[in-house]
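Trainee: task: produce atomic coordinates for the following.
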Amino acid sequence: MTDEKRRGIYTHGYDQKVVQQMGNRRAEREAAFFFPHLRPRMRLLDVGCGPGTITIGLAAAVAPGEVLGIDLEPAVVEQARALAKDQGITNVRFEVWPAEELPLADESFDADFEHTLLEHVASPSRVVQEMHRVLRPGRVIGLADGDWETMVIEPVVPDFVEGLALYERMWRHNGGNPRFGRHQHAILRQAGFRHGETMLKGVEVTPERSAFIAERFLSPRFADVAIGLGWADRPTLERYAQGVRTWAKHPDALLITAELTTVGWRV
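Mentor: So this is what the prediction gives:
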């Protein structure tokens, strides 16, 4: 089994529009639930940091404490390093490391954070166990993951809805779980964390942001797999992409999914 299959494939991919969406994330919004638990001089680990826009905000919250962001995709890690350099952020560094096998000492961090990583990995329990291992006793962890079962979409465009079902099927085939958010509490408890609180917030996918979904149906990495497995043919995928565009043009287009956030402490 390849490392990619063992760890899970990132279904959204790293096309330009996807990375741009990642770059729009900010700690003040995506990690707002975690900020009350952060203090200056904390040493913080951001697992699945992407292009680093959330990580840099976390670094400001714990400065002059050290922040480490890790991700498996070298290109986005390079973007994160460039962003930190451009902004003159000196208390953060970024590494290309697997979340399942952290080359870090036991009990060496004061805070762990992840944003929408666990929903894409094949073994979220292994990742959380590693996060537990590197965290000092009594210190805090914050998780943020989506749950597609909560999706609200209007108007209902059948080709878009059918396409989303295929997207979820592909997500699971790649080793992830688009409805992972509801499992945060259990996975923390099983890893040895004491549960704090779980909150629910809505995340809107605007018509402008939906373009990457349409493009994803037609991208080689998605389309070739779907066609190869007999799940769809090229005209069907083009129909799904057009369904996204049709929905996006509607004046009342609305798509909201829930993101669950959970805080816990290492016992």
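
Trainee: strands along the stretch 51-200 of the chain, start to end?
Mentor: Remark: strands assigned in the stretch 51-200 of the chain by DSSP state E, counting those that start in this stretch are 67-71, 92-96, 109-115, 135-154, 193-204.

Trainee: quick one, what contacts residue 107?
Mentor: Residue 107 makes contact with 133, 134, 135, 136, 137, according to C-beta atoms under 8 Å, 6 or more residues apart in numbering. From N, CA and C alone the C-beta is placed, and that goes for glycine too.

Trainee: does the first one touch residue 106 like I think?
Mentor: Right, residue 133. Yes: between residue 133 and residue 106 there is a contact under C-beta atoms under 8 Å: 5.7 Å.

Trainee: so for those two, which residue has more residues nearby?
Mentor: More neighbours surround residue 133 than the other of residue 133 and residue 106, with 17 against 9 (other C-beta atoms under 10 Å).

Trainee: next one: that one from residue 96, what distance?
Mentor: 20 Å (C-beta to C-beta, to the nearest Å).

Trainee: can you check residue 145 too?
Mentor: For residue 145, the distance to residue 96 equals 22 Å [C-beta to C-beta].

Trainee: can you check residue 83 too?
Mentor: Residue 83 is 16 Å from residue 96, by C-beta to C-beta.

Trainee: on that earlier part again, got a markdown table for the strands of the stretch 51-200 of the chain, with mean neighbour count and distance to residue 126 too?
Mentor: Shown next, in a markdown table, are those (neighbours: other C-beta atoms under 10 Å; distance: least, C-beta to C-beta, whole Å):
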| stretch | mean neighbour count | distance to residue 126 |
| --- | --- | --- |
| strand 67-71 | 26 | 14 |
| strand 92-96 | 19 | 18 |
| strand 109-115 | 25 | 13 |
| strand 135-154 | 19 | 14 |
| strand 193-204 | 14 | 15 |
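
Trainee: lowest mean pLDDT across these, which one is that?
Mentor: When those are compared by mean pLDDT, strand 193-204 comes last with a mean of 92.

Trainee: so after that strand, what's the next helix or strand?
Mentor: Per DSSP states H and E, strand 193-204 leads on to helix 211-218 as the next helix or strand towards the C-terminus.

Trainee: quick one: buried residues of that next one?
Mentor: Using 16 or more other C-beta atoms under 10 Å as the test for burial, helix 211-218 gives 211, 212, 213, 214, 215, 216, 217.

Trainee: just checking, what packs against it?
Mentor: Where contact means 3 or more C-beta pairs under 8 Å, 6 or more residues apart in numbering; DSSP states H and E, helix 211-218 is packed against helix 16-23, helix 158-173, helix 234-249.

Trainee: reformat the ones you listed as TSV; add mean neighbour count, mean pLDDT and distance to residue 193.
Mentor: Conversion of the helices and strands packed on helix 211-218 to TSV gives the following (neighbours: other C-beta atoms under 10 Å; pLDDT from 0 to 100; distance: least, C-beta to C-beta, whole Å):
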stretch	mean neighbour count	mean pLDDT	distance to residue 193
helix 16-23	16	82	27
helix 158-173	17	97	26
helix 234-249	18	97	38
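
Trainee: for those, which one sits closest to residue 126?
Mentor: Residue 126 lies closest to helix 158-173 among the helices and strands packed on helix 211-218, at 17.8 Å (C-beta to C-beta).

Trainee: run the chain-centre distance for the closest one.
Mentor: Relative to its chain's centre, helix 158-173 lies at 18 Å (C-alpha atoms, centre = their mean, to the nearest Å).

Trainee: ok, and what's touching it?
Mentor: With contact meaning C-beta under 8 Å, 6+ apart, helix 158-173 is reached by 11, 120, 148, 151, 153, 177-178, 213, 216-217, 222, 225-226, 229, 231-232, 239-244, 246-247.
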